[in-house]
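1. Quick one: sequence plus predicted model below, questions after.
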Amino acid sequence: MITAEMVKSLREKTGAGMMECKKALSESGGDMEKAVEHLRQKGLATAQKKAARTASQGLIGSYIHMDRIGVMAEVNCETDFVARTDDFRGLVKDLAMHIAAATPIYISREEVPQAVIEKEMEIYKAQVAGKPGHVIEKIVQGKLEKYFEEVCLMDQIFVKDPDGKQKIKDLVTEKIAKVGENIVVRRFTRYALGETAK
């Protein structure tokens, strides 16, 4: 039996609509974790359909932390209407705050220059020299994945996620599913007081 309390709880967790939450709970037999997974997969499918659409509206958000760290981030959506919603504004603010805290270098792993990836792989191979070839390959891939999670915004765990599981790409995907438009993190700049320019 799906109760109103269960629907409310799932809605608070995911931000999905009431009917979607009820349907997800019904399809998962009342299992909250399965319902969350179902909604995430549905959101991902929706997001993938919208990814090809042009996002040229949006906001430039900023965040200043204790007058020592400053971030400006441009996040785009498809319409000015969505750009003015509290949901979208909240996302831009959260992203700017996350960038201040997590210090990403790139937006996504596709932006990481091949030369940087090759250099990282060289370092990892040197660290595990002497092990069998197939083991080295596995370890190097694992370390490279960890590197992407550290330096790529979309692969980082969202600093405000209490469970420490939700990646930024999942957060963006959920918002795409909720607002019904493509959302793209276009660029960001992070300043730290006393930092020298690279």
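-> Noted; the coordinates are in hand.
2. can we go C-alpha only for contacts and neighbour counts from here?
-> Fine.
3. And the next helix or strand past the lowest-mean-pLDDT helix or strand in the chain?
-> Least confident helix or strand, the chain: helix 32-50 with a mean of 68, by mean pLDDT, DSSP states H and E. Downstream of helix 32-50, the first helix or strand assigned by DSSP states H and E is strand 57-65.
4. mean confidence for that next one?
-> Computed over strand 57-65, the mean pLDDT rounds to 92.
5. Show me what that strand pairs with in its sheet, parallel or antiparallel.
-> strand 69-77 (antiparallel) (DSSP bridges).
6. Who are the packing partners of the next helix or strand after the partner strand?
-> Downstream of strand 69-77, the next assigned helix or strand under DSSP H and E is helix 80-83. Counting contacts by 3 or more C-alpha pairs under 8 Å, 6 or more residues apart in numbering; DSSP states H and E, helix 80-83 packs against strand 57-65.
7. quick one: the strand it packs on to chain centroid distance?
-> Strand 57-65 sits 16 Å away from the centroid of its parent chain (C-alpha atoms, centre = their mean, to the nearest Å).
8. Contacts for that strand next, please.
-> 70-80, 82-83, 89, 92-93, 96-97, 100 (C-alpha atoms under 8 Å, 6 or more residues apart in numbering).
9. Try it again at 7 Å.
-> Under the contact criterion C-alpha atoms under 7 Å, 6 or more residues apart in numbering, strand 57-65 has outside partners 70-80, 83, 92-93, 96-97.
10. cool, stretch 68-82 as well?
-> By C-alpha under 7 Å, 6+ apart, stretch 68-82 touches 54-64, 83, 88, 92, 96, 99-100, 181-193.
11. Which positions in it come out as buried?
-> Within stretch 68-82, the residues that qualify as buried are 69, 70, 71, 72, 73, 74, 75, 76, 77, 78, 82, counting by 16 or more other C-alpha atoms under 10 Å.
12. Could you do stretch 21-37 as well?
-> 21, 22, 23, 24, 25, 28, 30, 32, 35, 36.
13. would CSV of those residues with distance to residue 111 be doable?
-> CSV is the format used below for the buried residues of stretch 21-37 (distance: C-alpha to C-alpha, whole Å):
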residue, distance to residue 111
21, 35
22, 39
23, 38
24, 35
25, 38
28, 37
30, 41
32, 36
35, 33
36, 30
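14. Does the residue in the chain sticking out farthest from the centre belong to a helix, a strand or coil?
-> Largest separation from the mean C-alpha position in the chain: residue 130, at 36.7 Å (C-alpha atoms, centre = their mean). On the three-state scheme (DSSP: H, G, I helix; E, B strand; the rest coil), residue 130 is labelled coil.
15. Likewise for the one 10 residues further on?
-> Look at residue 140: counting by three-state DSSP, its state is helix.
16. Quick one: mean pLDDT for stretch 120-128?
-> Here the average pLDDT along stretch 120-128 is 88.
17. Contacts for it next, please.
-> So stretch 120-128 is contacted by 136, 140, 144 (C-alpha under 7 Å, 6+ apart).
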